[in-house]
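J.: coords below, sequence missing:
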C-alpha cells in the first residue's frame, strides 16, 4: 500500500459497481501515479505497457490538468515521453506545450539510474537512461 499525501487534489471519476458508485482516480491521474510509484509498478517498462492501453481513455486537456494538480514537472515530462513512445502523442500535445513554456531542466527518465552518458530528448527535456520495451 502507498499513502498519497495529496489525495484530495487527485482528479477522480465515479464508476458504477455492483454495490453502487465508487470514486476512482481518472485515467490521467492513474498514469501520473504509475510514474510516481514506478518501482512498485514493476519499473518504467511496465508503466509504458500499461500506458499503451490506458492512453485510449485519456484526453489531452485532462492530462494537462492532472499534471498541474500533481505538481511534479519531472513526472509530467516522463509521462509525455512515454505517451509519445506508445503512439499516443495526441494525448500528450497539451502537456508538451505546458512543459516547453516552463523551460524546465533535463531530468532522468529513470531517476534511480545514472544518466551521465544518456541521450537527450529535447521535446520532453529528458535524459534517456533506459531503453523501454513495450510489451504487446
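T.: Perfect, thanks for sending it. The structure presented is a predicted model; accordingly, all values stated were derived computationally and were not measured. Numbers count the residues shown, from 1 in each chain.

J.: in the protein, which spans are strands?
T.: Here the chain has its strands, by DSSP state E, at 12-17, 20-25, 107-108, 119-121, 126-128.

J.: which residues are contacting the first one?
T.: Defining contact as C-beta atoms under 8 Å, 6 or more residues apart in numbering, one finds that strand 12-17 is touched by 21-26, 29. Placement of C-beta: from N, CA and C, glycine included.

J.: again, only this time at 6 Å
T.: When contacts are defined by C-beta atoms under 6 Å, 6 or more residues apart in numbering, strand 12-17 is touched by residues 21-26.

J.: Same question for the second one.
T.: Strand 20-25 has contacts (C-beta under 6 Å, 6+ apart) with 10, 12, 14-15.

J.: List the contacts of residue 54.
T.: Here residue 54 is in contact with 27, 31 (criterion: C-beta under 6 Å, 6+ apart).

J.: Read off the pLDDT value for it.
T.: Note on residue 54: pLDDT of 97.

J.: Just give me the closest of the contacts of strand 12-17 to residue 129.
T.: residue 25 (27.9 Å; C-beta to C-beta).

J.: so the closest one bridges to which residues?
T.: residue 12 (DSSP bridges).
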